[in-house]
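**Q** Next one to model:
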Amino acid sequence: MKKLASFRKKYIPTPALVLYAVLLLSVVLYVLFELSTPFADFFNRTIGAGVRMFLAFLTSLLPFSLAEMLIFFLPLVIVLISVFVFRCARRDQHVKVMRFFACAFAILGLFFTSFVFTIAPGYRTTPIAEQLGLVPQEELTAAQLRDTAAFLVEQVNNLAPLMTATAPNGSTMPYTFAQMNRHLNSAVVAAGQEYAFIHGFPSRVKPIMASGALSRMLVLGMYSYFTGEANVNTQVPDHSMVFTAAHEMAHQRGISREDEANFVAFLICIHSDSDFIRYSGYLGLLDYFLVALWRTNTEYFHQVRDSLHTNARTDISAVNAFFAPFRDGTIANVSRDVNNAFLNSQGQDGNNSYGMVVDIAILYLAERVRAGVE
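**A** Here you go, the predicted structure:
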């Protein structure tokens, strides 16, 4: 024991030891999330919510994405570390090198710790459909898919004439990025008053400066859990950027599963007082229904698409045209594979999980669809 204590004192600084203890606690919590849904629910709405809110508050003070800055400076950090280690090795300062790496690995462990304390429990919580009291079905029917798509088309067509859509960029957002953020925050508060799983704290959506790189990766946005920031690709057509911003804000509030984040993005958007944001919500959800129809009934897909207002068709074409040059690129393929692997590791159906929002939406909109049909 004395030798172990001596080794620890010589090679592992006390701050690093504390971080390793926190890392061990994080591993235990992660296992508990896997074993107990009620515990994951409790943690997500209490401690997890507090950590996410705190991080969002801190980083909202910055007008830029801190996560993006950290990534930008990563190559420089790697070079500086390499120089430091090389110099220490030349001077035979092995203890100094060991202490440095003990601290470095402890700091790297913070990424896993922040993952556990922010979005990890959200992958193991009670599904939103169950929280809403929706009765799951073993298999949704083609008629339900068609009827719900028709309902969404009606909502989109009611708002589409108010948009200004021109090819190839689609509808133009009638306000600045900062104004969009304010509208979305108001919508989050409104949605949170109706749904307990949507935490209504204010936050700041961050535009990514290197949006061109995200476009090549086919990434519309990302939630950086270690900084608490909702980041969006600003190059995509405006209506898609709005829906993506709402999606990342959903992650920021502990909605980790991709289908549920899409569904909560829809709920946030339709609770807005902005016509453009409500339109973006309905059209963003309809996009997933069109994909589902294309896979199951191409004839009805064309009927639904042709029944859309011209502005809505222009907006859909704008998104397809924007991503077309990147879809078959090496960067896009690697990005898809990495994202697919991560989602599978969290118990989701890989990249297919995004489209599973269709199942939740059909159950949620069933009463409204029936009322419309009747």
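**Q** could you pull out the strands for the stretch 51-200 of the chain?
**A** 165-166, 170-171 (DSSP state E, counting those that start in this stretch).
**Q** any idea of the mean pLDDT for the first one?
**A** Same thing as strand 165-166. Averaging pLDDT along strand 165-166 yields 82.
**Q** does Asn231 sit in a helix, a strand or a coil?
**A** strand (DSSP: H, G, I helix; E, B strand; the rest coil).
**Q** what about it, how many neighbours?
**A** 24 (other Cβ atoms under 10 Å). C-beta: built from backbone N, CA, C; applies to glycine.
**Q** about what we covered before: for Val28, find the nearest of the strands of the stretch 51-200 of the chain.
**A** strand 170-171 (48.0 Å; Cβ to Cβ).
**Q** From the contact counts, what lies against that closest one?
**A** Applying 3 or more Cβ pairs under 8 Å, 6 or more residues apart in numbering; DSSP states H and E, one finds that strand 170-171 contacts helix 238-252, helix 310-323.
**Q** could you give me the average pLDDT of that strand?
**A** Summarised as a single mean, pLDDT over strand 170-171 is 92.
**Q** In its sheet, which strands sit next to that strand, and in what direction?
**A** Using DSSP bridges, strand 170-171 pairs in its sheet with strand 165-166 (antiparallel).
**Q** which residues touch the strand it pairs with?
**A** Ser171, Thr172, Thr310, Asn311, Ala312, Thr314, Asp315, Ala318 (Cβ atoms under 8 Å, 6 or more residues apart in numbering).
**Q** what about the third one, distance to Val51?
**A** So the one you mean is Thr310. 46 Å (Cβ to Cβ, to the nearest Å).
**Q** Name the nearest residue to the residue nearest the centre of the chain, ignoring sequence neighbours.
**A** Centroid-nearest residue in the chain: Glu248, 4.0 Å away (criterion: Cα atoms, centre = their mean). Ranked by Cβ to Cβ, 6 or more residues apart in numbering and with sequence neighbours excluded, the top spatial neighbour of Glu248 is Ala230, at 3.6 Å.
**Q** How about the contacts made by the residue nearest to the centre of the chain?
**A** The neighbourhood of Glu248, defined by Cβ under 8 Å, 6+ apart, consists of Val205, Gly221, Met222, Tyr223, Ala230, Asn231, Val232, Ala261.
**Q** Next secondary structure element downstream of the lowest-mean-pLDDT helix or strand in the chain?
**A** Across the helices and strands of the chain, mean pLDDT, DSSP states H and E gives its lowest value to helix 2-11, namely a mean of 55. Note on helix 2-11: by DSSP states H and E, the next helix or strand toward the C-terminus is helix 14-35.
**Q** so of the helices and strands packed on strand 170-171, which one's packed in deepest?
**A** helix 238-252 (a mean of 27; mean count of other Cβ atoms under 10 Å).
**Q** Any stretches of this structure with poor pLDDT?
**A** 1-11, 84-86, 88-94, 138, 367, 370-374 (pLDDT under 70).
**Q** which of the residues in stretch 347-361 are buried?
**A** Across stretch 347-361, burial judged by 16 or more other Cβ atoms under 10 Å covers Gln348, Gly350, Asn351, Ser353, Tyr354, Gly355, Met356, Val357, Val358, Asp359, Ile360, Ala361.
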